[in-house]
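Chemist: heads up, no residue letters with this:
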């Protein structure tokens with residue numbers, strides 16, 4: 001274990017100096033509804049892949065300079081009749097669209113369609129990977145079938161939970177199938193665990209380059225934090241469980257969303273102290289970072305309850321970048337009819353505020369840390385008498401939408417914010433030079449109106465890098481269709 005102390009010289013805070021850029025708009029093209037869309041660009045073109053209706057797939061090619069649509073192709077039967085998309089992933093010039101199909105007998109089949117997007121063609125169509133005879137266990141607002149990709153993008157992990165009869169809730173089987181990028185099964189399967197899936201909270205999954213599987217989560221009955229390694233060949237288990245107070249990060253932690261190599265999070269060692277940890281899952285090295293008090297802000301006389309780990313992103317030099325966001329909760333006491341406050345809180349309102357970018361070198365030393373101010377404080381979400389791990393609040397909170405992009409020199413964080421100097425909700429970007437830690441804040445444009453015209457469907461997740469600090473995002477105008485807006489980030 002290695003411990004690193006932040007020193008004041010390295011506390012590189014963002015300052016409220018805004019540079020606004022004038023956006024460039026492309027010509028409208030075919031509007032496609034739905035949320036399953038993918039955007040990618042090369043030296044000359046922007047490509048999109050979109051699920052259109054239930055079985056159709058639209059692939060587009062746009063000019064990166066003029067932002068005009070050059071060509072498109074619609075595949076009417078690219079998906080099965082009852083397809084439910086899970087995820088779109090780009091690997092080596094191909095886009096993999098994973099989806100499920102539920103038959104009349106409730107058997108759930110897992111399929112993939114592979115898109116050669118540069119040629120607007122399908123390489124693999126409706127390939128059946130496996131079937132789940134019992135069907136999937138269903139949870140409100142969520143799906144219990146998810147796809148993860150390894151750091152080198154050579155392996156896919158498909159994780160699922162089978163539907164179970166009410167008299168078999170003690171089932172301890174986890175569905176964990178591993179495939180290579182040729183879509184051949186290479187390991188995993190239905191793995192028997194020493195605990196029931198329904199007693200585990202905030203389960204996180206990853207697949208390593210060799211195909212082994214990692215799981216982490218909180219055992220609600222034993223009150224233990226588990227980190228599990230599953231051998232892809234014989235499904236043998238290596239379980240590390242602890243009740244150590246410094247392991248309470250499993251309430252506020254995140255695996256890398258894209259390259260599943262790191263897990264990072266924040267935890268408290270005292271009333272006013274906040275620490276960060278980073279674990280490299282491939283070599284089990286752990287680094288701890290003590291965050292100084294001056295970096296932990298106050299809100300309404302209270303210190304921030306937690307810093308939520310949103311992502312832990314491996315860097316080319318072997319280091320890691322951790323993205324976090326501040327969170328604090330306020331208990332709400334309603335009144336009885338006689339006007340007297342109730343003795344117990346009836347709900348908790350959670351507030352999500354400033355972002356953090358923390359860059360750690362390969363040897364565990366700190367390179368820089370940035371706290372990115374958000375003016376739109378007190379963004380709230382009331383979940384009633386919710387007393388579970390904070391990560392559940394994070395997953396369902398609608399304002400926690402951001403996009404991280406790296407261009408080999410600079411880190412970019414995109415998000416929306418209500419700024420006092422501007423009308424409407426603005427698309428904002430913060431750029432940090434990887435070497436020096438110097439940063440700059442750019443205000444793009446109003447996400448609800450541009451050139452006095454209402455626009456819709458702008459989300460940070462849809463942003464695509466165009467090169468030379470230029471970025472594009474797709475928007476929609478009524479009666480005209482979709483179009484690309486280009487913005488420059490200083």
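Modeler: Done, it's in. Being a predicted model, the structure only gives us computed values, none of them experimental.
Chemist: any weak-confidence spans in the stretch 101-250 of the chain?
Modeler: For the stretch 101-250 of the chain, the stretches flagged by pLDDT under 70 are 104, 139-143, 165-171, 202, 242-250.
Chemist: residue boundaries of the strands in it?
Modeler: In the stretch 101-250 of the chain, the segments counted as strands under DSSP state E, counting those that start in this stretch are 108-116, 121-132, 145-149, 155-160, 173-180, 185-192, 200-207, 213-219, 224-230, 237-242.
Chemist: what pairs with the fifth one, and is each one parallel or antiparallel?
Modeler: According to DSSP bridges, strand 173-180 has the following sheet partners: strand 155-160 (antiparallel), strand 185-192 (antiparallel).
Chemist: Now do the longest one and strand 121-132, the angle between them.
Modeler: Think strand 185-192. In terms of direction (axes from the mean of the first three to the mean of the last three C-alpha atoms, to 10 degrees), strand 185-192 departs from strand 121-132 by 30 degrees.
Chemist: Could I get the strands paired with strand 173-180 in TSV, plus columns for distance to residue 278?
Modeler: Using the backbone N, CA and C atoms, a C-beta is placed for each residue, glycine as well. Formatted as TSV, the strands paired with strand 173-180 follow (distance: least, C-beta to C-beta, whole Å):
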stretch	distance to residue 278
strand 155-160	22
strand 185-192	26
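Chemist: Of those strands, which is nearest residue 463?
Modeler: strand 155-160 (24.5 Å; C-beta to C-beta).
Chemist: Okay, buried residues for the closest one please.
Modeler: By 16 or more other C-beta atoms under 10 Å, the buried positions in strand 155-160 come out as 155, 156, 157, 158, 159, 160.
Chemist: sorry, back to before: most tightly surrounded among the strands of the stretch 101-250 of the chain?
Modeler: Per-stretch averages of neighbours, counted by mean count of other C-beta atoms under 10 Å, single out strand 155-160 among the strands of the stretch 101-250 of the chain, with a mean of 24.
Chemist: ok, back up a step: dump the strands of the stretch 101-250 of the chain to a markdown table, plus distance to residue 374.
Modeler: Below are the strands of the stretch 101-250 of the chain laid out as a markdown table (distance: least, C-beta to C-beta, whole Å):
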| stretch | distance to residue 374 |
| --- | --- |
| strand 108-116 | 36 |
| strand 121-132 | 41 |
| strand 145-149 | 29 |
| strand 155-160 | 33 |
| strand 173-180 | 37 |
| strand 185-192 | 40 |
| strand 200-207 | 25 |
| strand 213-219 | 29 |
| strand 224-230 | 30 |
| strand 237-242 | 34 |
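Chemist: From residue 290, how far off is the residue nearest to residue 438 when sequence neighbours are not counted?
Modeler: With C-beta to C-beta, 6 or more residues apart in numbering as the criterion, residue 438 has its nearest non-adjacent residue at 7.1 Å, and that residue is residue 432. From residue 432 over to residue 290 the distance is 22 Å, taken as C-beta to C-beta, to the nearest Å.
Chemist: more crowded one of the two?
Modeler: For residue 432 versus residue 290, the count of surrounding residues by other C-beta atoms under 10 Å is larger for residue 432: 23 against 13.
Chemist: Wait, the residue nearest to residue 438 touches residue 409, no?
Modeler: No: under the criterion of C-beta atoms under 8 Å, residue 432 is not in contact with residue 409, lying 10.1 Å apart.
Chemist: can you give me the helices for this structure?
Modeler: For the chain, applying DSSP state H gives helices covering 390-396.
Chemist: so how many other residues sit close to residue 310?
Modeler: A count of nearby residues for residue 310, using other C-beta under 10 Å, gives 20.
Chemist: Make sure it is actually in contact with residue 323.
Modeler: Yes: under the criterion of C-beta under 8 Å, residue 310 makes contact with residue 323 at 4.5 Å.
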